[in-house]
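**Student:** Return atomic coordinates for the entry below.
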Amino acid sequence: MDIRQQEFAVAYASGDFENAEQLIVEALAEHPDDSGWLNQLGLLYFAQGQYSDALAAFDRAICSDPHFLEPLLNGAIVLSDLGYYDEAAQRFEAARLLDASTPSQAGAMGATTAPPPPLGQLPASLGVAIGRAAAEKYLNLSDSLMELNLFTRAQEAAEEACRHYDNARGRLQLARTYLAQMQPDRALFEIENARRHDPRFVELHVFSALLHLVRDERPQALDALTRAEMLADTTALGQVLRQGFASQSGTMH
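**Tutor:** Prediction:
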């Protein structure tokens, strides 16, 4: 990764979208057909909700390099969000065929073992894969917004992720945004929703323990930590919480 790419990564992660765009503009002034920078430009617009501009950038990246998988998939996600389901399906199918024909990437868009309901009007097989990819981008955006203490926007991004692909990780992220906004009851409700998706997801039980402690419900917190420990919890938060219980009562060790 060169210096400009490093600077872009820092600006993007910190939410400095103006500086991030300026770095892309400078890079494209030197190499107008660089598919990597064009794809980054699309992602930058996508993060800001500028879907039409994002799609245009992804299209430019595809024209520059028809074998570049990511802008094909990104374009399908944008088209789906805009309601152009047929076009999204066609573009995703092209990405799927390209993925299958590329040995180094084969299987990168593999199927899920527990498919959620299909996305919008897309065929289920395409809707699931597009939904998963879109959800991942919204979750990454939510993480970045959380780091910037933009909790309401982080919540909205997490809600979008769950709308595209409702799973345990998305619900956990939504719970985190609620806790950051001092709404532990709503956070706990989302944790229970998440556990219906994946009751063996260790982080859910650990975060549940934290929420019960916030609500001053120590017995429930201890139960949640015990469940996490039975699932071989190795999270840093779980360790801290267990040490806290051990120092106070000697119950956990």
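**Student:** list the contacts for the spatially most central residue of the chain?
**Tutor:** The centre of the chain sits closest to Leu139, judged by C-alpha atoms, centre = their mean, with a distance of 2.3 Å. By C-beta atoms under 8 Å, 6 or more residues apart in numbering, the residues touching Leu139 are Ala157, Ala158, Ala161, Arg169, Gly170, Gln173. C-betas here are computed from N, CA, C, even on glycine.
**Student:** Let me see the mean pLDDT of the host helix or strand of it.
**Tutor:** Using DSSP states H and E, Leu139 falls within helix 124-147. Averaged across helix 124-147, the pLDDT comes to 74.
**Student:** repeat for stretch 41-60
**Tutor:** 90.
**Student:** residues of it that come out buried?
**Tutor:** Across stretch 41-60, burial judged by 16 or more other C-beta atoms under 10 Å covers 41-47, 51, 53-60.
**Student:** next one: stretch 10-29
**Tutor:** Ala11, Tyr12, Gly15, Asp16, Ala20, Glu21, Leu23, Ile24, Ala27, Leu28.
**Student:** In strands, which of those residues appear?
**Tutor:** The subset of those located in strands under the criterion DSSP state E is empty.
**Student:** For the stretch 151-253 of the chain, which residues score under the pLDDT cut-off?
**Tutor:** The stretch 151-253 of the chain contains residues with pLDDT under 70 at 249-253.
**Student:** Repeat the analysis, applying 50 as the threshold.
**Tutor:** Counting by pLDDT under 50, the ranges of the stretch 151-253 of the chain that qualify are 251-253.
**Student:** Where do the helices of it begin and end?
**Tutor:** Using DSSP state H, counting those that start in this stretch, the helices of the stretch 151-253 of the chain run over 151-164, 168-180, 184-197, 202-214, 218-230, 236-249.
**Student:** ok, back up a step: save the buried residues of stretch 10-29 as a markdown table, and put in distance to Glu87 and pLDDT too.
**Tutor:** As requested, the buried residues of stretch 10-29 are exported to a markdown table (distance: C-beta to C-beta, whole Å; pLDDT from 0 to 100):
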| residue | distance to Glu87 | pLDDT |
| --- | --- | --- |
| Ala11 | 31 | 84 |
| Tyr12 | 27 | 81 |
| Gly15 | 31 | 79 |
| Asp16 | 33 | 85 |
| Ala20 | 28 | 90 |
| Glu21 | 26 | 92 |
| Leu23 | 30 | 93 |
| Ile24 | 25 | 93 |
| Ala27 | 29 | 93 |
| Leu28 | 26 | 93 |
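**Student:** In the residues you listed, find the pair that's most separated.
**Tutor:** Gly15 and Leu28 (21.5 Å; C-beta to C-beta).
**Student:** buried sites along stretch 146-157?
**Tutor:** Here stretch 146-157 shows Met146, Leu150, Phe151, Arg153, Ala154, Gln155, Glu156, Ala157 as buried, counting by 16+ other C-beta under 10 Å.
**Student:** measure the fifth one to Arg227 for me?
**Tutor:** Pointing back at Ala154 there. The spacing between Ala154 and Arg227, counted by C-beta to C-beta, to the nearest Å, is 27 Å.
**Student:** so who does Arg171 touch?
**Tutor:** Cys162, Glu190, Ile191, Asn193, Ala194, His197.
**Student:** For these, which entry has the maximal number of neighbours?
**Tutor:** Counting neighbours by other C-beta atoms under 10 Å, the top entry in the contacts of Arg171 is Ile191, with 28 neighbours.
**Student:** Verify the contact between that one and Leu204 for me.
**Tutor:** Yes. Applying C-beta atoms under 8 Å as the test, Ile191 and Leu204 come out as touching, 5.7 Å apart.
**Student:** Which residues are in contact with each of these two?
**Tutor:** Joint contacts of Ile191 and Leu204 (C-beta under 8 Å, 6+ apart) are Leu172.
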